[in-house]
Structure formats: structure tokens, C-alpha cells
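S.K.: when you get a sec, could you give me coordinates for this:
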Amino acid sequence: RQLSKGLIMSIGGINTDLKEHMQTANQISAAANGAKVTIVYNATHSPWVDVPECVAARMGYQMPPVQHLKNCWNEFIATRGPDEKIFIRCHSNGAQYVKQALESSPKSVRERIIVLAIAPAVIIPKSLCFDSFNYVSRRDFVTHLDINGKIMYGKELHILEPHVEANRFDHSSLSPTFKEIEKYHIDEYLEGCENK
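M.R.: The predicted model follows:
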């Protein structure tokens, strides 16, 4: 079902095929009581291609997903009420693209974005958008590679205890470690949409 107010989006990280993107979107939709989820598909080409793309993005090069995000945001803002917000759930390197899209967007766009960053490759600071929430499992090292981000925004990173059924390397977009916190933030977002 389409939300009458607001928009829920999802973007994944490297080495994530379309099937996993769809599974993630279905999980988000289920947490959002069947709401439609707009996916920005960060196409995977194999780790041998994805990792250099990730490094290039870290160096400031904007890959196609950044422009796709901005296009979705701009279309939403042009057609919706001024108080409506976008909720975007990003995973791993998808957070890098969200951060780049935010950094290259005007404040009028950034203040309409709420970010839930799951096992993010970079920490997305609250100062860059309306609100942001960054979560990583204690058994994941990826976010800790964002050394500058940890120095500047480390207090905005929440470290979760891994779920008993989580993988040993707890970095998956579908990890049960993040399910409860994801539901909490989606419920909070939907409640905010209804009260506008």
C-alpha cells in the first residue's frame, strides 16, 4: 500500500544481489504494515568490481546510485506537502551513497530526510539531515573502518549485541540483530507521518 504521507526507501551495500535487495524491502514493508518501499538498487557486479567502486566512493567519486537517490528525493519533495519526510534505510556501502547524496543536496532537501543506517560503511551524522540513526553489531568491523567518522560522530553510532541466530560476521542486511530496532524506527516514522 502507498503511504498517504511520507515515503519509505531502501538502498543496500556491495555484493548484494537483487534477490537480497527484494528480501530486505519485503522485511521493511512487513515492519511498516505493508507499506510500499522504494528501492534504489545498487547493482552488484562481483566483489572484484564492487570493492573498487566502494573505495572510489570513499574518495568522493559519485556513483550512479547517488543521483538516483537525489532524483527520488527531488520528485517526492516537488509533489508532496512541505512537512512530509522521507525515511531511508541504508545498509553498508549504501550509507556512503546516502551520505554523498545528502552532502550534495540543499538544506531544504536534507531537512526532509530521516536515515536509518544499518551496519553502515560510514556514519551519517544527525547534522546532515532531519535525523539519523546508525547501528552496528558488536561482531561487525565495517563501520569501524570509517575512522574520521568515528572520531567526529562516534557518539552517534549505536553498537548492538548480536542476535543468537546472527552470522558470526554479523554484517548482513537481513541480520536478525537489526530487526527489532528497525521496527522501532519505522513505527516511530509512521506515527510521525500520521500526526502531520
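S.K.: next one: phi and psi at the spatially closest residue to G94 that is not a sequence neighbour?
M.R.: Of all residues not flanking G94 in the chain, I11 sits nearest, at 3.7 Å (C-beta to C-beta, 6 or more residues apart in numbering). (Each C-beta comes from the backbone N, C-alpha and C, glycine too.) Torsion angles at I11 (phi, psi; degrees, to the nearest 10) stand at phi -140, psi 140.
S.K.: P82 versus the residue positioned nearest the centre of the chain, what's the distance?
M.R.: By C-alpha atoms, centre = their mean, the chain has its centre lying nearest to C90, at 1.6 Å. From C90 across to P82, the span is 24 Å (C-beta to C-beta, to the nearest Å).
S.K.: E182 and A117 touch, don't they?
M.R.: No: at 11.0 Å, E182 does not count as touching A117 under the criterion of C-beta atoms under 8 Å.
S.K.: so which of those two has more stuff around it?
M.R.: Using other C-beta atoms under 10 Å as the criterion, E182 and A117 rank with A117 on top: 28 against 20.
S.K.: can you confirm that one is in a helix?
M.R.: No: using DSSP: H, G, I helix; E, B strand; the rest coil, the assignment for A117 is strand, not a helix.
S.K.: the residue nearest to the centre of the chain belongs to a helix, doesn't it?
M.R.: No: per three-state DSSP, C90 lies outside any helix segment and is strand.
S.K.: you'd agree it is up against T16?
M.R.: No: using C-beta under 8 Å, C90 is not in contact with T16; the gap is 11.4 Å.
S.K.: which residues sit in contact with A32?
M.R.: Applying C-beta atoms under 8 Å, 6 or more residues apart in numbering, one finds that A32 lies in contact with I8, I186, L190.
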